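K.L.:
Sequence and predicted structure below; questions after.
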Amino acid sequence: MNKIQQKLRYLLATALMGWLAINSAAGSEADSSNPSTRKSPDWLRSAVVYEISPRNFSKEGDFNAITARLDELKDLGVDILWLMPIHPIGEKMKKGSIGSPFAVRDFYAINPDYGTTNDFKRLIAEAHKRDMKVVMDIVAGQTAWDSVLMEEHPQFYQKDANGSIIPPDPAWTDVAGLNYTNQDVRRYMIGMMKYWLKDFGVDGFRCDVSSTVPLDFWEAVRAELEKINPQVIILADAGAKPALLYKAFDVDSSWAMVSALNMVMSSVLPVYRMKQSWEHTQQQFPKGALHLRFTDNHEENRAVVRYGVNGALAAQVLMLTLDGVPLFYNGMEVGDATESTDPALFEKMPVFWNPGGRPPLRDIYRDLIKLRKQYAAFYNGDVVWLENTTPGEVVSLLRRDAKDEFLVLINFSSRRVTGSVELSNADGFELVKISSRPKPQVDTRLPDFSLSGYEWFIYHRTVSK
């Protein structure tokens, strides 16, 4: 397959994925009989999550290498470390030479490649010293085929009509599905999560493919974990499932927005479709629902590969200025282009921390995170999508509260775009200074703008003092 064919195949797959993600929730509107979302901690709204693959975060691939970089992550502005599964990995029917961390052999154990229990406790303690929280990835719906549960409790598993244990999804051949109609499964999994919360002091959990596990289980999990830590945070790996945020989860994944972004960056859809995706999510979910905003994670090819370096930066600027909780995936703050999904899920493919030919991304992201934390307009304020004269290429939105207004302009095309944004009053806006960001190349005055390819600017004005 040549490069052109690969590109066309990728565009088609991305378009299909995005279309399904945007439209799959047609029957998932918020339940009018239970229209409220749970009240998440106020600090979570201004927080930044950083996902870490322990195996690939460093050449060493262990906890100590993560602990050694905590000061860097704190300096970046990270509040929550999300660790991908830290448990021993199954050998039977594994994928690749090492296997997926989501094929768990023992939920009560630590992968010896990552270190010891003391190493993990030290990582948590050092994170807490820096006012960072640690969230563990839990794969509640499945185990490896050679797990301790398979050996001790074969009755815990899903089975077909012939009585054979099956995976939760036919494509997930390296894992076996747990059966949540068995109450013993529920008790085991809740006890396991309580163990990590109580004995190790983790601050919460990110729950893989949450929607494949019954909602009432997650609600029971929340109730039990809050008895140990009333401030526990639980992240759902799910989108378009409003009920998950009623009682069980604090935040879910904004897959619909990512899918729309992928189509925009592949020139399949115009930019205004991202606004439509956001509006559709607003209609689905109760007011106040929190969504994880991301461009990069372990389930996607690196954003710098999909969008190019400048496109990836522009995309992350949107995620940092939208409502919700922004996510960084390890290495994206330096523009790492190492594989992140298949085959990196199944192999040792460390982040390359010193890539060349990149703008100073860490400095830029640090300033953007500081800006977001400094002004409540970004995490508690309104989101107003403004009309502009080039809606196919440019995002124009306003983040505002009673004190401040921020105008965000982002060109999602590779060419220069000129136009104007619909502002009733453009007086008083001043360009926000971001490290290493040049001033506009073309001297324009709002509401007019001129943006080169993937260029972006943020403007601020004070409403009241």
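P.N.:
Okay, I see it. Numbering: from 1, shown residues only.

K.L.:
who's in contact with Leu235?
P.N.:
When contacts are counted by C-beta atoms under 8 Å, 6 or more residues apart in numbering, Leu235 touches 49, 82, 135, 204-207, 249-253, 292. Quick note: C-beta positions are derived from backbone N, CA and C, even for glycine.

K.L.:
try it again with 7 Å
P.N.:
By C-beta atoms under 7 Å, 6 or more residues apart in numbering, the residues touching Leu235 are Val135, Arg206, Cys207, Phe249, Asp250, Val251, Leu292.

K.L.:
what does Ala65 give?
P.N.:
Phe57, Ser58.

K.L.:
In what element of secondary structure is it found?
P.N.:
Using DSSP states H and E, Ala65 sits within helix 63-67.

K.L.:
Who are the packing partners of whichever helix or strand comes after that helix?
P.N.:
As assigned by DSSP H and E, the chain's next helix or strand after helix 63-67 is helix 70-76. On a contact count with 3 or more C-beta pairs under 7 Å, 6 or more residues apart in numbering; DSSP states H and E, helix 70-76 meets helix 361-374.

K.L.:
who touches the helix it packs on?
P.N.:
By C-beta under 7 Å, 6+ apart, the surrounding residues in contact with helix 361-374 are 46, 48, 75-77, 313, 317, 320, 333-335, 378-379, 432, 434-437.

K.L.:
Could you do stretch 126-140 as well?
P.N.:
67, 70, 74, 78-86, 102, 104, 124, 189, 193, 196, 202-208, 213, 233, 235.

K.L.:
same deal with stretch 41-49?
P.N.:
Stretch 41-49 is contacted from outside by 77-80, 82, 231, 233, 250, 290, 292, 325-328, 369, 373, 379-380, using C-beta under 7 Å, 6+ apart.

K.L.:
Quick check: buried residues in it?
P.N.:
Of the residues in stretch 41-49, those with enough neighbours to count as buried (16 or more other C-beta atoms under 10 Å) are Leu44, Arg45, Ser46, Ala47, Val48, Val49.

K.L.:
rewinding a little: buried subset of the contacts of stretch 41-49, written for PyMOL?
P.N.:
The PyMOL command for the buried members of those (criterion: 16+ other C-beta under 10 Å) is given here:
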select buried, resi 77+78+79+80+82+233+250+290+292+325+326+327+328+369+379
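
K.L.:
Helices - which of the buried residues of stretch 41-49 land there?
P.N.:
Here DSSP state H is the test, and those give Leu44, Arg45 as lying in helices.

K.L.:
Using a markdown table, please lay out the buried residues of stretch 41-49 together with pLDDT.
P.N.:
Listed next are the buried residues of stretch 41-49 as a markdown table, based on pLDDT from 0 to 100:
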| residue | pLDDT |
| --- | --- |
| Leu44 | 96 |
| Arg45 | 95 |
| Ser46 | 96 |
| Ala47 | 98 |
| Val48 | 98 |
| Val49 | 98 |
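
K.L.:
ok, so of the buried residues of stretch 41-49, who is nearest Gln441?
P.N.:
Checking the buried residues of stretch 41-49 against Gln441 by C-beta to C-beta gives Val48 as the nearest, at 30.1 Å.

K.L.:
So the closest one versus Leu197, what's the distance?
P.N.:
Separation of Val48 from Leu197 (C-beta to C-beta, to the nearest Å): 22 Å.

K.L.:
tell me the secondary structure for the spatially closest residue to Met332 that is not a sequence neighbour?
P.N.:
What sits nearest to Met332 in space, not counting adjacent residues and going by C-beta to C-beta, 6 or more residues apart in numbering, is Asp296, at 4.8 Å. Three-state call for Asp296 (DSSP: H, G, I helix; E, B strand; the rest coil): coil.

K.L.:
what sits against Asp296?
P.N.:
Asp296 makes contact with Arg302, Ala303, Tyr329, Met332 under the criterion C-beta under 7 Å, 6+ apart.

K.L.:
didn't Ala260 look like it was pressed against Glu279?
P.N.:
No - look at Ala260 against Glu279 with C-beta atoms under 7 Å: they stay out of range, at 11.1 Å.

K.L.:
So which of those two has more stuff around it?
P.N.:
Legend: neighbour count by other C-beta atoms under 10 Å for Ala260 and Glu279, higher for Ala260 (26 against 12).

K.L.:
What would the helix or strand encompassing that one look like as CSV? C-alpha coordinates only.
P.N.:
Here Ala260 sits within helix 255-265, counting by DSSP H and E. Taking C-alpha atoms only, helix 255-265 is exported to CSV below (Å, rounded to 0.1, in the frame of the first residue of the first chain):
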residue,chain,number,x,y,z
TRP,A,255,-15.0,11.4,21.9
ALA,A,256,-17.5,13.2,19.7
MET,A,257,-15.5,16.4,19.7
VAL,A,258,-12.3,14.5,18.9
SER,A,259,-13.9,12.7,16.1
ALA,A,260,-15.2,16.0,14.7
LEU,A,261,-11.7,17.5,15.0
ASN,A,262,-10.2,14.5,13.2
MET,A,263,-12.6,15.1,10.3
VAL,A,264,-11.9,18.8,10.2
MET,A,265,-8.2,18.3,10.2
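
K.L.:
That helix: what's the following helix or strand?
P.N.:
helix 272-284.

K.L.:
mind saving the C-alpha coords of that following helix as CSV?
P.N.:
Taking Å, rounded to 0.1, in the frame of the first residue of the first chain, the C-alpha atoms of helix 272-284 are listed here in CSV:
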residue,chain,number,x,y,z
TYR,A,272,-18.2,24.8,12.1
ARG,A,273,-19.0,21.1,12.6
MET,A,274,-17.0,21.2,15.8
LYS,A,275,-19.4,23.8,17.1
GLN,A,276,-22.3,21.6,16.1
SER,A,277,-20.7,18.6,17.9
TRP,A,278,-20.3,20.8,21.1
GLU,A,279,-23.9,22.0,20.9
HIS,A,280,-25.2,18.4,20.5
THR,A,281,-23.3,17.3,23.6
GLN,A,282,-24.7,20.3,25.5
GLN,A,283,-28.2,19.1,24.6
GLN,A,284,-27.5,15.5,25.6
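
K.L.:
in that helix, what counts as buried?
P.N.:
Buried, per 16+ other C-beta under 10 Å, within helix 272-284: Tyr272, Arg273, Met274, Lys275, Ser277, Trp278, His280, Thr281, Gln284.

K.L.:
Now the phi/psi pair for the residue lying farthest from the centre of the chain, please.
P.N.:
In the chain, the greatest distance from the average C-alpha position (C-alpha atoms, centre = their mean) is reached by Asn162, at 38.9 Å. Torsion angles at Asn162 (phi, psi; degrees, to the nearest 10) stand at phi -90, psi 0.
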